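S.K.: sequence? don't have it. structure:
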């Protein structure tokens, strides 16, 4: 089993129609037909949305995405129209709300990898490939790849795994022209972001982008280059051959799989509430990622 431990009821706001409750974001449509995305403080791990929230997480994700949209705007247009909180919405929506263009979304997670980790490492150990792309012998956990690669995945519903697929499968699904544009844009965006992160003492190991079409324009959507969608590692601690320290939910994952949680990942019961120490350490990591990338103090 997986999914929400406690699925929240959507907030009702005059003039907004609730469309979807995701792992982190709630999606609405306003009277003008624009999408309103609200990033919650929900935390997901191991395909569960946990019962414990991480304070400020939604604001960090939103503000960091806005910063990245600006850094990448010459490479790809984005979907953000404004950050205005709709009239009648809760005050807590401030700083976590994006009003966005309604796009024709491409049903593909566009993943770029510059280093070997996660599901890519699992496949490499099995077949010396990632998404069917052959890689050299001798790579290990955390190794830098000879060149960044495009490794797409199918989008999954809440509680399900995204599934890595080959480039040929993407081309068969969306057409060769769109697949080529997705690959080109993904690798260009990754390369720019990798270089920006490197200047700030961080390694961008991998990341995922989502795209949609605004007319004929391929447009960047959803969140961008946050600790939820990317692996950032401190460059001064990078050591291939072992798992790298990261700026994400690793404290949560480690606690859930430790004896302290008494939770069986393979069982039927949902994960327990997080202890306060894990909440505080995870919040601090998200804020540190924001501050190191943007150079702006979180307040």
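M.R.: Thanks, I have it. Please read these numbers as outputs of a predicted model, since none were measured by experiment.
S.K.: Number of residues surrounding the nearest residue to residue 169 once chain neighbours are set aside?
M.R.: The spatially closest residue to residue 169, leaving aside those adjacent along the chain, is residue 152, at 7.9 Å (CB to CB, 6 or more residues apart in numbering). (Each C-beta comes from the backbone N, C-alpha and C, glycine too.) Neighbours of residue 152 under the rule other CB atoms under 10 Å: 27.
S.K.: what pLDDT does residue 152 get?
M.R.: Note on residue 152: pLDDT of 94.
S.K.: Contacts only, for it.
M.R.: 108, 109, 110, 111, 131, 164, 165, 166, 167, 169, 170, 182 (CB atoms under 8 Å, 6 or more residues apart in numbering).
S.K.: Restricted to buried residues, select those in ChimeraX.
M.R.: This is the ChimeraX syntax for the buried subset of the contacts of residue 152, where burial follows 16 or more other CB atoms under 10 Å:
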select :108,109,110,111,131,164,165,167,169,170,182
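S.K.: Show the contacting residues for the closest residue to residue 248 other than its chain neighbours.
M.R.: Excluding its sequence neighbours, the residue lying closest to residue 248 (CB to CB, 6+ apart) is residue 227, at 4.3 Å. By CB under 8 Å, 6+ apart, residue 227 lies in contact with 60, 61, 246, 247, 248, 249, 285, 286, 289.
S.K.: Recalculate using a threshold of 10 Å.
M.R.: 57, 60-61, 64, 246-250, 282, 285-290, 293 (CB atoms under 10 Å, 6 or more residues apart in numbering).
S.K.: got it, and residue 38?
M.R.: The contact partners of residue 38, taken as CB under 10 Å, 6+ apart, are 10-11, 13, 16, 24-28, 58, 62, 85-86, 89-90, 92-93, 96-98.
S.K.: now it: how far from residue 7?
M.R.: 15 Å (CB to CB, to the nearest Å).
S.K.: separation between the residue nearest to residue 294 when sequence neighbours are not counted and residue 47?
M.R.: Once flanking residues are discounted, residue 294 sits nearest to residue 67: 5.0 Å by CB to CB, 6+ apart. To residue 47, residue 67 is 29 Å away according to CB to CB.
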